[in-house]
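Trainee: A structural model of the following input is requested.
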Amino acid sequence: MDLTFAIIIYMKIDMSIAIRAFGTGEFSLSVPYDRSIIAGLKRVSGYKWNVNEKLWSFPDTQKNLDDVLSIIFNNTAKDQCVKDDSESMSFVISREIRIRSYSRRTGKMYVKYNIDLLEHADKRTCEIDQNDITGFLDYLASEKKSSSSTLNCAVNALRFYYGNILMKKFIYNVPRAKKNKRLPVVLSREEVKRLIESYENEKHRLMIALIYSSGLRVSEASVLKLCDIDMDRKLIHIREAKGKKDRYTVLSENVSKMMKTYIRDYKPVKYLFEDREGISPISIRTIQAVFSQGCVRAGIVKTATVHSLRHSFATHLLENGTDIRYIQEILGHASSKTTEIYTHVAERDLKKIISPFDHI
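Mentor: Okay, the predicted model is just below:
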């Protein structure tokens with residue numbers, strides 16, 4: 001390959017790559033650090049690395065030049081193709097998400113898993129096959145120790161792009177992970193009481209009390225607007241929750257009193273819980289951190305998350321005798337089967353069972 005022609009090619013791909021020829025029977029190379037390129041250059045016969053000038057030098061033979069150009073071109077061009085392919089794919093997925101009116105969170109997740117697949121397979125979209133996808137899912141399961149729900153999220157993301165958009169039939173041969181039938185972590189009433197009382201910060205105390213007392217998802221609490229809280233009717237209007245569905249949930253009398261004091265003191269403008277600048281809603285990560293800190297202070301050793309408050313709300317309602325159909329409506333579950341899981345952790349019926357040990 002002509003050296004001048006080669007330099008023109010590489011300047012188009014990466015301006016920081018330079019090949020220079022000397023009259024000493026060798027040529028030198030300056031290239032950005034890349035593990036795969038460096039490993040390839042070390043296999044070229046007679047290579048030298050100049051630490052001071054940060055240059056690679058090689059005996060000026062046609063074979064060495066061809067080898068060096070092949071190593072750089074193959075790696076650089078491939079990386080650029082994958083990068084361009086990722087950007088194009090992200091645009092297409094984002095556009096389809098908007099057209100189908102899916103949530104932004106779903107869109108981000110779909111883009112993430114599809115980009116992760118390309119990076120793991122080190123291929124372009126047009127080169128991906130079923131083996132690449134199963135290999136990627138195996139990587140998530142075995143090396144990343146991903147849960148079945150995470151694996152199924154990845155499958156949904158890949159099916160959306162390769163199945164719904166590109167119409168590739170092989171994607172439907174990829175099996176879903178078997179769901180773990182785990183029971184939800186539920187806090188006792190005493191634990192909830194200790195948790196809420198552990199907060200000296202008025203905002204944090206209201207935040208946790210509201211999530212528990214109304215059975216909110218953390219994503220719903222973070223963006224709750226003042227205009228959606230009906231103090232008189234003791235109702236909260238949850239807009240475009242999971243599945244783009246609206247619903248109403250209850251507003252506790254005690255929490256309503258806490259809320260009035262909080263609004264008077266903090267003076268939120270649009271969202272009930274705003275960030276420090278008072279412009280945007282509080283982040284989900286902040287609420288999660290507040291919950292974790294409270295659990296430590298309250299001495300709660302269960303592996304609980306903010307979502308455990310929603311589980312506890314539903315379980316305690318069931319134990320109080322609330323009809324499961326009402327609980328389903330308040331939680332916004334599409335199927336009653338989702339709500340029925342709380343029957344497995346409610347104490348109402350379990351307490352009637354006496355251990356045989358107590359009759360000994």
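
Trainee: Tell me the buried residues in stretch 161-169?
Mentor: Tyr161, Tyr162, Gly163, Lys168 (16 or more other Cβ atoms under 10 Å). To be clear about C-beta, it is placed using only N, CA and C from the backbone, and glycine gets the same treatment.

Trainee: where does the second one land on pLDDT?
Mentor: Looking at Tyr162, its pLDDT is 91.

Trainee: so how far is Val301 from it?
Mentor: Counting by Cβ to Cβ, to the nearest Å, the separation of Tyr162 from Val301 is 44 Å.

Trainee: picking that back up, make TSV out of the buried residues of stretch 161-169 and add distance to Ser103 and secondary structure.
Mentor: TSV is the format used below for these (distance: Cβ to Cβ, whole Å; DSSP: H, G, I helix; E, B strand; the rest coil):
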residue	distance to Ser103	secondary structure
Tyr161	17	helix
Tyr162	21	helix
Gly163	20	helix
Lys168	25	coil
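
Trainee: Now distance to Leu41 too, for the residues you listed, in CSV please.
Mentor: As requested, these are arranged in CSV below (distance: Cβ to Cβ, whole Å):
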residue, distance to Leu41
Tyr161, 36
Tyr162, 36
Gly163, 41
Lys168, 37
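
Trainee: Which single one of those is nearest to Ile238?
Mentor: Minimum separation from Ile238 among these (Cβ to Cβ) is found for Tyr161, which lies at 30.0 Å.

Trainee: Find the nearest non-adjacent residue to the closest one, please.
Mentor: Nearest residue to Tyr161 in three dimensions, chain neighbours excluded: Asn114, at 5.1 Å (Cβ to Cβ, 6 or more residues apart in numbering).

Trainee: The one you found belongs to a helix?
Mentor: Yes: with DSSP: H, G, I helix; E, B strand; the rest coil as the criterion, Asn114 is located in a helix.

Trainee: I'd like to know how far it sits from Lys108.
Mentor: Using Cβ to Cβ, Asn114 is found at 11 Å from Lys108.

Trainee: Which of those two has more residues huddled nearby?
Mentor: In this view Asn114 and Lys108 are compared by other Cβ atoms under 10 Å, and Asn114 has more residues nearby, 23 against 14.

Trainee: which residues touch the residue nearest to Tyr161?
Mentor: Each residue near Asn114 by Cβ atoms under 8 Å, 6 or more residues apart in numbering is listed here: Met89, Ser90, Ile93, Ala157, Leu158, Tyr161.
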